[in-house]
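> sequence first, then the predicted structure, then my questions.
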Amino acid sequence: MEVELGEDWIEIRDSVRRICEGYPGAYWRDLDERAEYPHAFVDALTESGYLGALVPEEYGGAGLSLRAASVILETIHSMGCNAAACHAQMYIMGTVLRHGSAAQKQQYLPGIASGELRLQAFGVTEPTTGTDTTQLKTRAVRDGDDYVVNGQKVFISRALQSDLMLLLARTTPVEQCRKRSDGLSVFLIDLREIEGKGLSINPIPAMLNHNTNEIGFDDVRIPASSLVGEEGRGFRYILSGMNAERVLIASECLGDARWFLKTGVEYANERVVFDRPIGQNQGVQFPLARAYAETEAADMMIRRAAALFDAGENGGEAANIAKMLASEASWHAGEACLQTHGGFGFAKEYDVERKWRETRLYQVAPISTNMILSYIGEHVLGMPRSY
Ligand SMILES: Cc1cc2nc3c(=O)[nH]c(=O)nc-3n(C[C@H](O)[C@H](O)[C@H](O)COP(=O)(O)OP(=O)(O)OC[C@H]3O[C@@H](n4cnc5c(N)ncnc54)[C@H](O)[C@@H]3O)c2cc1C
């Protein structure tokens, strides 16, 4: 197993940078103002084929490694753009790829690879159970050739910009299960077919432009063929995709950190107060230097986690650590960048406050820092389960 140092995948980096140059800060500020989805940016990325990076070539994708996908997302974020509008198109399909039937793969993966079909909504979180996923209340009950779904999901991003959604629902009541993680099932549902048939999707206004929604299911009938894998094993299927997701999200954090550092250092060198550049003051310089050190450490951990994943190893420890370190590095870099800009950090035209809001998310979603620490404490260090 090799971990490359320095700029790997240079052609991909250059090509993604060229795409991103067409979407400067003004583009994102305008969308942020209107809470609008970045259609043009997502279309450009779709056309480039990068969103199909992880779909195997036999289904029309690029069949690239997780490391290559991680470089794509890092580059997008290092350019001041935001891949959150479409990153899930890259990795949600992994559950179908690993656990779906041959017919499901043939039916959906080519369209997902080309971008003709959008699978970028992932319905897990619920209002009353939150992080305690195994207690989720959404029920899918088999009825003839259908399942009937009832329940509520919250913070389901991009549901209005997605054709398909991967849904986690309980198929066997928890009281009848040996383990609380049993009895959950995954469904690949076609949102277009259930529109107006008991499905409601309502946007949640949020502190960042993330196109996230509350979703209600009121006796929604979905075909039994939308079940992915075996009934009752859905929790395991979801977990199996999480390491890839952690590495990819960590890569976005890394890109954010690099954007904050570049922007902060440039400003620190240019801005003159008390007859000297503010970057000459250690109080301004050191937070940026510290955030740089944290960013480099996170970069190494991301490369390690991606290498383990690409080698087929269980990279849970590395993926979790990478996600935690990268989200903290980007937050610290964001804080240092904002502070360095003084009052101008709050002026929208500098983009710092927008990126600062965007990068804050990653300590909460898709998994909060506390849950990663719990994982390390229990599964890596061998201490008692804390929840
Ligand atoms: C913008 C945005 C987009 C999102 N997109 C999606 C999506 O597309 N699909 C989806 O399914 N979900 C999505 N989420 C949901 C996200 O994954 C959850 O918000 C997150 O998992 C935390 O769940 P919660 O908000 O219910 O917090 P809670 O579970 O209520 O937790 C609140 C706080 O308490 C802490 N906490 C809880 N239990 C413990 C414990 N035992 N030990 C230590 N700390 C604990 C948590 O770490 C957290 O900080 C999104 C959220 C946001 C904000």
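That came through fine.

> does S162 touch F122 like I think?
No. Using Cβ atoms under 8 Å, S162 is not in contact with F122; the gap is 9.2 Å. Glycine gets a C-beta too; all of them are placed from N, C-alpha and C.

> residues from the protein in reach of the ligand?
Residues of the chain found near the ligand (Cβ under 6 Å from any ligand atom) are 122-125, 130-131, 155-157, 206, 210, 212, 361, 364-366, 368, 370-371, 374, 387.

> redo that, cut-off 5 Å
Contact residues (Cβ under 5 Å from any ligand atom) of the chain with the ligand: 122, 124-125, 130-131, 155-157, 210, 212, 365-366, 368, 370, 387.

> F41: which of those residues is nearest?
Checking the residues of the chain next to the ligand against F41 with Cβ to Cβ, the nearest one is H210 at 14.3 Å.

> helix, strand, or coil at that closest one?
Using DSSP: H, G, I helix; E, B strand; the rest coil, the three-state assignment for H210 comes out as coil.

> and F217, by the same measure?
At F217 the chain is in strand, as set by three-state DSSP.

> ok, now how distant is it from the ligand?
14 Å (Cβ to the nearest ligand atom, to the nearest Å).

> that residue: what's it in contact with?
By Cβ atoms under 8 Å, 6 or more residues apart in numbering, the contact list for F217 reads 138, 149-153, 198-199.

> just the buried residues of the residues of the chain next to the ligand.
122, 124-125, 155-157, 210, 212, 366, 368 (16 or more other Cβ atoms under 10 Å).

> so Q135 touches R180, yeah?
Yes. Between Q135 and R180 there is a contact under Cβ under 8 Å: 7.2 Å.

> so what's the residue count around A268?
Counted by other Cβ atoms under 10 Å, the residues lying close to A268 total 20.

> which SSE is it in?
Using DSSP states H and E, the element containing A268 is helix 242-270.

> which residues do Q135 and R180 both contact?
In terms of Cβ under 8 Å, 6+ apart, Q135 and R180 are both contacted by the residues V174.

> neighbours of R304, how many?
R304 sits with 19 neighbouring residues when counted by other Cβ under 10 Å.

> meant to ask about R118
The number of residues packed near R118 is 21, by other Cβ under 10 Å.

> gap between it and T172?
Taking Cβ to Cβ, to the nearest Å as the measure, R118 falls 31 Å from T172.

> with G334 instead?
Look at G334 and T172: by Cβ to Cβ, they are 44 Å apart.

> tell me which of the two has more neighbours.
Per other Cβ under 10 Å, whichever of G334 and T172 has more neighbours is G334, with 28 against 15.

> what residues does that one make contact with?
256-257, 260, 352, 355-356, 359-360.

> repeat that for N82.
28, 38, 76, 358.

> check contacts around the last one.
This means E358. 82, 84, 208, 256.

> how about the strands in the protein?
Listed in chain order, the strands of the chain (DSSP state E) span 119-123, 139-143, 146-157, 164-170, 184-190, 199-203, 212-223, 227-228, 272-273, 276-277.

> between those, which gets nearest to G22?
Closest to G22 of the strands of the chain, according to Cβ to Cβ: strand 119-123, at 21.2 Å.

> ok, the closest one: who's next to it in the sheet?
Paired strands of strand 119-123, with direction, are strand 164-170 (parallel) (DSSP bridges).

> follow-up on the earlier one: inside helices: which ones of the contacts of N82?
Counted as lying in helices by DSSP state H, out of those, are 28, 76, 358.

> was I right about V272 contacting Q280?
No. V272 is beyond contact range of Q280, at 9.5 Å (criterion: Cβ under 8 Å).

> would you map out the domains in this structure?
Here the domain assignment for the chain is 10-114, 119-233, 239-380, based on automatic domain parsing.

> and E4, which of those domains is closest to it?
Closest to E4 of the domains of the chain, according to Cβ to Cβ: domain 239-380, at 7.2 Å.
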